[in-house]
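1. The following comprises the amino acid sequence and a computationally predicted model.
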Amino acid sequence: MKTIYFLSVLFLSITLTSCDKDDVEPVAEINITSITLADSYTAGETEQISVTITKPTPCHLLEEETVIVNGRTHSYNFRLADKAEVCVQMTQNETVTVDFEPAEAGEHTLNFSINGELFETRTVTVTE
């Protein structure tokens, strides 16, 4: 009788501890889904580029975007932050519009980073 009791307690404790675990939702990766470039660019004119970012969760917000221009290299960095305190369920994709202001004609390199990590590099030709 004691053996059946101990086996029952053991079985019950194993069942309860195995059912106690919550299934963890998979978290999407941070990514740049698309970059929309114009067909042509002219030196001295400001054009807009649309960048669609996939956020890891709907709770992440775009906090800051910075542009660093070094000659013909334009580096765009988007900083995401987790704002889990108040999280409205909305899309995990966010489209950002940035300015591209080429000062001179020639080939220009566009670097797109999120939180300092390079995700995409594009090359465009700028005419006079």
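-> Received, thanks.
2. mind listing the strands for this structure?
-> In the chain, strands defined by DSSP state E lie at 31-36, 41-42, 47-54, 60-70, 73-82, 93-100, 106-114, 117-127, listed in chain order.
3. my read: Arg37 touches Thr123, true?
-> In this structure residue 37 is Leu, not Arg. No: taking CB atoms under 8 Å as the definition, Leu37 is not a contact partner of Thr123, at 10.0 Å. C-beta: built from backbone N, CA, C; applies to glycine.
4. if I pick Cys87, what's in contact with it?
-> If a contact means CB atoms under 8 Å, 6 or more residues apart in numbering, then Cys87 has 57-59 as its contacts.
5. What count of nearby residues applies to Tyr41?
-> 19 (other CB atoms under 10 Å).
6. for Ser34, that is, sorry about that
-> Ser34: 13 neighbours (other CB under 10 Å).
7. Could you check how far it is from Gln48?
-> 14 Å (CB to CB, to the nearest Å).
8. what's the answer for Glu117, then?
-> 24 Å.
9. From the centroid of the chain, which residue is nearest?
-> Most central in the chain under CA atoms, centre = their mean is Ile30, positioned 3.3 Å from the mean C-alpha point.
10. quick one: that residue and Leu62 touch, right?
-> No: Ile30 is beyond contact range of Leu62, at 11.3 Å (criterion: CB under 8 Å).
11. Find the residues that touch each one of those two.
-> 53, 80.
12. one step back: can I get the buried part of the contacts of Cys87 as one ChimeraX selection?
-> The buried residues among these can be selected in ChimeraX (16 or more other CB atoms under 10 Å) with this line:
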select :58,59
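13. is it possible to export the contacts of Cys87 to TSV including pLDDT and distance to Arg72?
-> Formatted as TSV, the contacts of Cys87 follow (pLDDT from 0 to 100; distance: CB to CB, whole Å):
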residue	pLDDT	distance to Arg72
Thr57	84	36
Pro58	81	37
Cys59	84	37
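14. from the contacts of Cys87, which single one is nearest Gly71?
-> Nearest to Gly71 among the contacts of Cys87: Thr57, at 37.0 Å, using CB to CB.
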